[in-house]
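In: I'd like to go over a predicted model; first the sequence, then the structure.
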Amino acid sequence: MRDGALAAPSLIALACLVGACGSSDELPPPAEPAVSPPVSVAPAGRVVDVGHMPEGVVADPATGLVAVGLRDPNRLALVDGRSGEVVRRTPLPEAPRHLQLAAPGGPVLVPAEGADVLLEVSLPDGRIVARTPVGAFPHDATAVGDRRFVADEFGDAVSVVEDGRAIATLDAPVQPGGVAALGRETVGVVAVRGNVLRVYDARTLRPLGDAGAGAGPTHIVADPVAERFFIADTRGEALLFSIAGERPEIFDRLNLPGPPYGLAIDPRRRRIWVTLPASNELAEVELEGNEPTVVRTYPTVRQPNSVAVDPRTGTLFVAGRAGGELEIIRPDP
Amino acid sequence: MEAWTARHRDLAAPAAAMAALALAAAVGWVLTATLEPRAFDSWLGVPNPPLFLTWSPNLELGAAAAAVALAAGVVSAPLLADQRVGPVRFAVGAFALGLALRLVLATARGGVDAWTAPFGAPLRGGNEYLPALPGVEGLGLAAYLDRFAEIMPTLPVHPSAHPPGTIVLLHLLGIDGAGGMAALTIVSGATTVPLTYALGRLLLAERHARVAALLLVFSPAALIYGVTSADAMFAMLGLIAAVALAASGRLARPLGAAALALASLFSWALLAVGAWAAALAWLRHGPGSALRLATWCAAALVAVYGLLAALTGFDPIGALGTAGELYRRGLSDVRPYWYWILGSPAAFLISTGLAITWFAAKALAARQAPALALAGIIAVAAVLGFSKAETERIWLFMGPLACVAAAPFVADRRLRLVLGLLAAQALATELLFFTVW
């Protein structure tokens, strides 16, 4: 038989047979920050001791205080952003890894992971003013007006908190990690195991849509000026840019070999700050123009997992988890 | 009088081809000059329609070296085509000449750094394949392929629009730097020269097969993009499939079909090689032969993609759909379909070489099978609009097919002149324009 006329259909049949099996249901584990080498270059700016294993940091423009999550013992340190002095340590039931402000002047949203509660710590006095039970292992929380959206990482859900109680539980892709609010309309949640960005309508609580978020996303910030989300694709070594709204989609990326981990955005100065733990560096990404670019990097303390920016002064705060340090950088203009 | 008429009839097709290229350029120039730019300083979405290159004259010391090397190549190449040179020595010599000339020409702008620059900077080649590697290294090959369709929108521009073959190959070879990527691209791209010779030997007389290979050596697109774009490697893969599919041995077609299926894992555009081979089989041996070839190709595609899906969960249909969606919402959106029906073929034909186009048009007018098959896939690709612009790179794999089509119409006495014209076009392009990839 010429050209093996039977062989070709047989091959098709074979392929159809084996093609019937396929995709694995097992999702890859979440991406983790790179393990930092010892510091080889003196960190930029000033370094102060802040406490054991600092991770999660947020700077308040109203009080000038910087909140830093500490572990073993679990504390929230409040640091004077100008002097670098630790002015208060608030005991916590569990340590946080992400911190955000509900509004300028506080309170600080503290997802106490192992305790399954969202704490709210007032500024400047550092009192716990609200303790709301949420889903399993709250990892990050953001505020839209009086509402808080909490990513329950092991509950595959987003808890919506209002007036000190959870009023709704929203389905989320597997292991929601970072969460960010874009104005008063939308909330973006990045699932660190599902590798998906899900955007919700903050008012109706309706999910607006999903978009693939790379090979291993970990953090998300919102840019109210350009109305987009920025996502650290830690495993994919890139900063991803997403359109929010009815149909979220990733529309561009900035390669960030390093890989990227912690994020902070300064909308006024059109900057995103990205920690690169593998090289103990902080990358300054300029958002002006069509193509965001890395304009410079700053040497940091060891294991810089978290960064915050004071939007009033532009001062940066980098938490060095390995050495219990907080690095205070006044970036070049 | 009859001779005069025959000569004019002989010139009609190439003259028409040149007129079409001029029309595409003129319309592009007028629209760019008069309408509000939408992308790359032009309403049509490329800097100098129909070509994706930017006016940027640059005369460095390397330009002189490149000019001397090209001139030496033009002088010596016809000697290589002499029948007294055995086939193996010709193939090796043509490969070496092609490799040397593309390396030297690239140094005319930026020195030896130009060999790696497209893949190295900024930040490991912004739009290229290397920045996509951390994902596959972090997830593992099977998990990466399983989720490839979802990951595609987050990849750099080139890998986001292609199947995962290149990323997988780089991962398996352990290539993670610009030097390795450049070596892979340049060397594999240069193998298209002996492969063109092999294809020519299957379809043409020995002398014409050698001419086809030498045309490719001096083809501007092959010389320039053969150094700067992974599409040079795709051209090699497509040509391997073309050679096997055009061959007549018992195992040739199954192997060619398998090669085509594997090649399509690197670039979906390479499926056009299967269409070219089927058209060629039809024209040379009738519809039955074409049907059998098409069946083999379909079987191989289903088998390869089915096996990959079974082993890793790779979703070829989802990946293709995602690529199409990304293309539509990208630059393609601002490039008007009606212009690029002509503009895409024009960009390909100009960059492949005006002289090659001239003789390929003659072959088309003479209804030669390789030319008709090539014209067919160009027409279908242009009408389908899968590649609006950038075809000087995306259709790089069709360059060897154009050389095979054109070769029989290059008279021996004019070979040196033709190669000289191609070399001059390549040098002028390299020195006067920034060619992006």
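Out: Noted; the coordinates are in hand.
In: quick one: end-to-end length of stretch A:38-47, please.
Out: 15 Å (CA to CA, to the nearest Å).
In: buried stuff in it?
Out: By neighbour count with 16 or more other CB atoms under 10 Å in any protein chain shown, stretch A:38-47 contains the buried residues A:39, A:43-45, A:47. All C-beta spots, glycine's among them, are computed from the backbone N, C-alpha and C.
In: which members of those residues occur in helices, if any?
Out: Among the buried residues of stretch A:38-47, DSSP state H puts none in helices.
In: can you give me the strands in chain B?
Out: B:54-55, B:433-434 (DSSP state E).
In: ok, back up a step: among the buried residues of stretch A:38-47, which two are most distant?
Out: Spanning the widest gap among the buried residues of stretch A:38-47 are A:Val39 and A:Gly45, at 13.4 Å by CB to CB.
In: tally of neighbours for the residue in the stretch 151-300 of chain A positioned nearest to chain B?
Out: Nearest residue of the stretch 151-300 of chain A to chain B: A:Ala215, at 3.3 Å (CB to the nearest CB). Look at A:Ala215: counted by other CB atoms under 10 Å in any protein chain shown, it has 29 neighbours.
In: grab the nearest non-local neighbour of it.
Out: B:Gly135 (3.3 Å; CB to CB, 6 or more residues apart in numbering or on different chains).
In: do A:Pro93 as well
Out: Residue nearest to A:Pro93 in three dimensions, not counting chain neighbours: A:Ala115, with 4.1 Å by CB to CB, 6+ apart.
In: now the one you found. Its backbone dihedrals?
Out: Note on A:Ala115: its backbone torsions stand at phi -90, psi -10 [degrees, to the nearest 10].
In: what ranges in the stretch 101-250 of chain B fall below the confidence cut-off?
Out: Low-confidence segments of the stretch 101-250 of chain B, defined by pLDDT under 70, span residues B:121-125.
In: contact residues of it facing chain A?
Out: Residues of the stretch 101-250 of chain B lying near chain A by CB under 8 Å from any CB of the partner chain: B:122-124, B:126, B:131-132, B:134-136, B:138-140, B:142-144, B:146-147, B:150-156.
In: would you list the buried entries among those?
Out: Neighbour-count burial (16+ other CB under 10 Å) is assigned, among these, to B:123-124, B:126, B:131-132, B:134-136, B:138-139, B:143-144, B:146-147, B:150-156.
In: next, the buried residues of stretch B:172-191.
Out: Across stretch B:172-191, burial judged by 16+ other CB under 10 Å covers B:175, B:178, B:180-182, B:184-186, B:188-191.
In: from the chain's centroid, how far away is that stretch?
Out: Counting by CA atoms, centre = their mean, to the nearest Å, stretch B:172-191 is centred 17 Å from the centre of its parent chain.
In: what's near enough to touch the residue lying closest to B:Val304 once chain neighbours are set aside?
Out: Leaving out its chain neighbours, the residue that sits closest to B:Val304 by CB to CB, 6+ apart is B:Ala261, at 3.9 Å. B:Ala261 is in contact with B:297, B:300-301, B:303-305, counting by CB atoms under 8 Å, 6 or more residues apart in numbering or on different chains.
In: let's see that with 7 Å instead.
Out: B:300-301, B:304 (CB atoms under 7 Å, 6 or more residues apart in numbering or on different chains).
In: which non-adjacent residue is nearest A:Pro304?
Out: A:Thr275 (4.3 Å).
In: list the buried residues of the helix or strand that contains the one you found.
Out: In this assignment (DSSP states H and E), A:Thr275 forms part of strand A:271-276. Neighbour-count burial for strand A:271-276 flags A:271-276 (criterion: 16+ other CB under 10 Å).
In: got these as TSV, with distance to B:Val74 and pLDDT columns?
Out: Below are the buried residues of strand A:271-276 laid out as TSV (distance: CB to CB, whole Å; pLDDT from 0 to 100):
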residue	distance to B:Val74	pLDDT
A:Arg271	54	96
A:Ile272	53	97
A:Trp273	55	98
A:Val274	52	98
A:Thr275	56	98
A:Leu276	50	97
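In: wait, which of the residues you listed is closest to B:Arg329?
Out: Nearest to B:Arg329 among the buried residues of strand A:271-276: A:Ile272, at 23.6 Å, using CB to CB.
In: need the nearest residue in space to that closest one, chain neighbours excluded.
Out: Distance criterion CB to CB, 6+ apart; nearest residue to A:Ile272, sequence neighbours excluded, is A:Val285 at 4.3 Å.
In: before we move on, what about B:Val193?
Out: Nearest residue to B:Val193 in three dimensions, chain neighbours excluded: B:Gly98, at 3.9 Å (CB to CB, 6+ apart).
In: just to revisit the earlier point, so which of the strands of chain B is the most packed in?
Out: Mean neighbour counts were compared across the strands of chain B using mean count of other CB atoms under 10 Å in any protein chain shown; the top stretch is strand B:433-434, at a mean of 16.
In: pairing partners for that strand, with directions?
Out: In the sheet, strand B:433-434 lines up against strand B:54-55 (antiparallel) (DSSP bridges).
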